[in-house]
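In: Just to be clear, the model below is a prediction. Sequence and coordinates:
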Amino acid sequence: MTTFDQPPLPPTAPASAPALLRTEAVTKAFPGVKALDGVDFELRGGEVHVLLGENGAGKSTLIKMLAGAHRPDSGRILVDGRATRILDAQDAEKHGIATIHQEFNLVPDLTVAENIFLGRQPRKYGLIDRKRMDSDATALLARVGVDVSPNDKLRHLGVARLQMVEIAKALSVRARVLVMDEPTAVLTTGEVDRLFEIVHRLRLEGVGIIFITHKLEEVARLGDRVTVLRDGRSIAQIPAATDRDELVQLMVGRSIDQQYPRERGALHRGTAPLLRVSGLSRAGHFDGVGFEVRAGEVVGLAGLVGAGRTEVARALFGADPYDSGTVEVQGRRVQGNDVPSAMAAGIGLVPEDRKGQGLLLDASVSENLGLVTLRAATRGGFVDLAGQRRAASSIAAQLGIRAAGLDSRTRTLSGGNQQKVAIGKWLLAQSKVLILDEPTRGVDVGAKLEIYRLVNELTASGHAVLMISSDLPEVLGMSDRILVMCQGRITGEIPAEQATQDAVMALAVQGASSN
Amino acid sequence: MATDLKKTGPGRGHGGEGGRPGRGIPAEGLLPPVVRRMLFENGALAALLVLIVVMAIMSPDFLDTNNLLNVGVQAAVTAILAFGVTFVIVSAGIDLSVGSVAALSAMVLAWSATEQGMPVFFAVLFALATGTVCGLVNGMLVSYGRLPSFIATLAMLSIARGLCLVISDGTPAALPTSLEWLGKDFGDWLPVPVIVMLVMAGIAALVLNRTFPGRAMYAIGGNEEAARLSGIRVKRQKLFIYGLSGCFAAVAGIVLASRLVSAQPQAAAGYELDAIAACVIGGASLAGGKGKASGTLIGALILAVLRNGLNLLSVSAFWQQVVIGAVIALAALLDTLRRRT
Amino acid sequence: MRIQKRTTLVAAVAALSAVAATGCGSDSDSGSGDGDKAKIGMSLSTLNNPFFVEMKKGAEAEAKAHGVDLTVTDAQDDASAQANQLQNFTSQSMDVIVINPVDSKAAGPSVKAAGNADIPVIAADRAVEGAEPTATVSSNNVQGGEMAAKALAEKIGKKGEVVVLRGIAGTSASNERFEGFEKGIKKYKDIKVVAKQPAEFDRAKGLDVMTNLMQSNAGIDGVFAENDEMALGAVKALGSKAGDSVQVVGFDGTPDGLKAVKEGTITASIAQQPDELGKMSVRNAVRAADGSDVDKEIKVPVKLVNKENVADFS
């Protein structure tokens, strides 16, 4: 592991270093879309270069090009100053470019060591040399600084550790360029700190890192330089210390006056609650959870990952069973463990795993939008398809869903637009109580704002929203009241006016110290 | 209020189909756009037409009304079975039991009408009920027993065949002669099996496109958890899906038996594989969420045209199996290639 | 935990009752454990075919007549299942084993193993390759094919065009019957075999293939089907022409086939007498159990069945 061209560099922007990787006016068109339009990008050894842009701005296309999944229609890619063609994954590996995708490229039933060396296992007499594989893996894991055994099965590891294994895997191919696609999206605060430490160390070793994130606060903390992409063009290359508002403006091409535009109007404090949950318990998951959500109110559900928030949401929506307790909507009890009953009562759930649970990715936009109302639109055994389509068309226009058409496959939409589809189907169903589980995860700034505005609109027209979010500024900015969960219990409630990050965190880790 | 949301953005227009960007097709100027689109959108249809042209060139006897109707008759049983299997495949399952269930239903019809003296109308209902019950059992095993559909229907394949042997004691049973018309021609030229096939195709298309259970099949096949979280009672729907497949198998069995005026204990053995092949050739995906009645019909016709043509051309018995396998692979490939572009 | 236990219990009960149910309906003629009775195990290739069902009935009748204890198993056309069945017979120390091989070659090792355990083996209907069974009881398929050729030729006036519906490609029955038919039909210079196509011994396929052949060969005078099932399918395809302008000859003499011969739609069939095969197998098995001499090759005669003599067969 001493083949690096660069000696260790100081952590500050290594302006003098020559470009490790450079793209010159690369262009890539897909049917109907120009994904990249003359993008210039430059990465130096020992630099963390943040790639910023809304979803659909061309970030994915660019990094896929570097990974050998797409080829440019025109323009050049230069590695170490030489024009190169990256035709496939092997080529990328040869040039020392490794990518850590959002969806990990790992096999859950194999061990850590097997995953790191998958397809490249060290051999002896034609057989796999397990001893050497384990010792090599141990060395790599130590370099990354993660405490897993090379013999652990991946299935038992959490998402943060899986990511570390991916990094170790990238290092095992002597990567000089490490591309990380939104690595922090699924990590808790502590885990993010660990990740940044590792990135910092790699950068000292001279590795060039392309870092994609939607969290603007991370840009200045970690990055050296920023390239902003918008609509397939490279808009700006600026220092990472650039002011946050300016970054946002560059990304969306317009200024965003307020990041969290919650309109806390006259709340219907006196009115009877729309949703009332009391004593909800499920052994091993949550215990004695009780709260109310009134019409016109946004209640934020904060807590660490694994505190039981999603489990509570799923239980009151009937997706999972609960042992005891009651769920009432407008004073009427809702039958447990039965989604259609919860729906009939007026509850809607936008699940956190949009792709795995929220959408039919290969079905059309209109089909997804009409899924919840399918039963209601059935008359005499037949679905009123024309009516479904009309409804889908109007809600798509209302939400500003950007797609080639209602018949586009949902998979082809950007994350923000997919999320609007996932929410839109509940609007069509006229759900009174909407549970949003991590509604803006993996969603770009522009679409986030549209989702917030939508929440405002819903509450203004008398709906109730229960919002689960791990993004503290979002919870603070958008909720009227904040409930904090810890280890399956509600540990506190804070009105919006008094809420601070510290106050929420204090409740979120209460009694969690044993962890 | 909604105006708030109307952020500007390129390409925000929807409501219309939004013309697909034209792809570079070499035959651009040769064919009218509608035909071109039909061929391009439907790889199986293109494959069928190619096959028909090849057969017409190679055998002077092929392109003849009578022969084409024969092909239709020979496709009927496979097609009807395949429509049922299409429901299951669209919902991301598989049904291996349809051949056996068809044989059992036919045998139940023959047995109840001929040996037990049940009125023919009731015997037919009884046969349809038998198929449906077999399907429902499959559905129970899959949704409530949580067995993989492959295993549940494999078990049913064996059970139904066994029951068929038990009832028949291993010997063919005569069908009541009042059902003979089912295997014959209507108005002296249109074979009834072809009519039944087309009617079942219509029903299958209607169910898939226009009914709640049909749309639910696509949703379940596309993403079962998303379907459940959208209020679809997945278990109940699966019961319906497998039951419907069983019912279609019973219809196929009755058509098969009425052509011979006899129910065979070994009838339709291995037909499930033809049915699955027909679905896949017709564009259904074994991963679920995709499939059409029209595609499946074309798939079944491709298989029938092929077998008919091989007979007409007197291809050697040994080579026939090679050719059939190759054409199945080619037809499915054509569809995959089309999707990739 | 409790639930798990209960499921196990339910599964066990279900399995037991299933075994019990099959046990009740099994083909064992055993009374009590009468030590003096000879024990014969018979493994049939399949019961998914009337022919073998007939064979089984013949065997059971013969066993009853001799007062021996006969156990019949069905290998469901699965050669490895048959190997297991033979192994079980051997460990149950049957006095004689009758095997109707699924696959002549695959049966070899099992038969050899039984021989090593000093258990005589009678091969029924199909030969065993790679081992020496005590005796092989079979009908003469080649001779049957020749007889079929002669009957068809005579009936169509020794000239014209004929087609052959062939069985499952590669099976010995199909090969031998066709071999005999070709040998027989060659003697008639004016008869031409215009097509030979596979219909896999299946009635529905016989119907489809015959329909297709009529399309490409309008002037057919005769059809030879390698079994009655296909012949019956061909008769369906031919409609009123069957037995009139087109003569159909089948093979096997199954009940449905004989009925068609009686009605005149099938001109002739070669009766294989499956019950006779079953009887002869058991009869020789009993001899082998007694220690009497058994011929190596026992040919059960095939018989031409036509309208004149069909009454003798049903």
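Out: That came in fine, so what should we check first?
In: Is A:Val289 in a helix, a strand, or coil?
Out: Classification of A:Val289 using DSSP: H, G, I helix; E, B strand; the rest coil returns strand.
In: so how many other residues sit close to the nearest residue to it once chain neighbours are set aside?
Out: The shortest distance from A:Val289 to any non-neighbouring residue, by C-beta to C-beta, 6 or more residues apart in numbering or on different chains, is to A:Leu280 (4.4 Å). Quick note: C-beta positions are derived from backbone N, CA and C, even for glycine. A count of nearby residues for A:Leu280, using other C-beta atoms under 10 Å in any protein chain shown, gives 24.
In: could you give the mean pLDDT of the helix or strand harbouring A:Leu280?
Out: Using DSSP states H and E, A:Leu280 maps to strand A:273-282. Computed over strand A:273-282, the mean pLDDT rounds to 94.
In: for stretch B:175-186, same thing?
Out: Rounded mean pLDDT across stretch B:175-186 is 86.
In: Is chain B within reach of the strand or helix carrying C:Asn84?
Out: Using DSSP H and E, C:Asn84 falls within helix C:79-91. No. Contact of helix C:79-91 with chain B (C-beta under 8 Å from any C-beta of the partner chain) is absent, the minimum separation being 12.2 Å.
In: In chain A, which residue is most central in space?
Out: The geometric centre of chain A, computed from its C-alpha atoms, lies nearest to A:Gly442 (C-alpha atoms, centre = their mean), at 3.2 Å.
In: quick one: secondary structure of it?
Out: coil.
In: In terms of pLDDT, where does it sit?
Out: 75.
In: Which residues are in contact with the nearest residue to it once chain neighbours are set aside?
Out: Take A:Gly442 and drop its neighbours on the chain: the residue closest to it by C-beta to C-beta, 6+ apart is A:Gly415, 4.5 Å away. For A:Gly415, the contact set (C-beta atoms under 8 Å, 6 or more residues apart in numbering or on different chains) comprises A:55, A:354, A:442-444, A:447.
In: picking that back up, just how off-centre is the helix holding C:Asn84 within its chain?
Out: Averaging C-alpha positions (C-alpha atoms, centre = their mean, to the nearest Å) puts helix C:79-91 20 Å from its chain's average.
In: what mean pLDDT does it have?
Out: Taken as a whole, helix C:79-91 has an average pLDDT of 87.
In: what's the answer for stretch A:312-326, then?
Out: 95.
In: One more: stretch B:223-239?
Out: 95.
In: Quick check: end-to-end length of it?
Out: Start and end residues of stretch B:223-239 are separated by 17 Å (C-alpha to C-alpha, to the nearest Å).
In: count of neighbours near the residue nearest to A:Gly346 when sequence neighbours are not counted?
Out: Excluding its sequence neighbours, the residue lying closest to A:Gly346 (C-beta to C-beta, 6+ apart) is A:Lys432, at 3.7 Å. Number of residues near A:Lys432 (other C-beta under 10 Å) recorded here: 18.
In: can you pull the contacts of A:Lys432?
Out: Per C-beta under 8 Å, 6+ apart, neighbours of A:Lys432: A:274, A:295, A:329-330, A:346-347, A:462-464.
In: Between the residues you listed, which sits nearest B:Arg233?
Out: A:Ile347 (16.3 Å; C-beta to C-beta).
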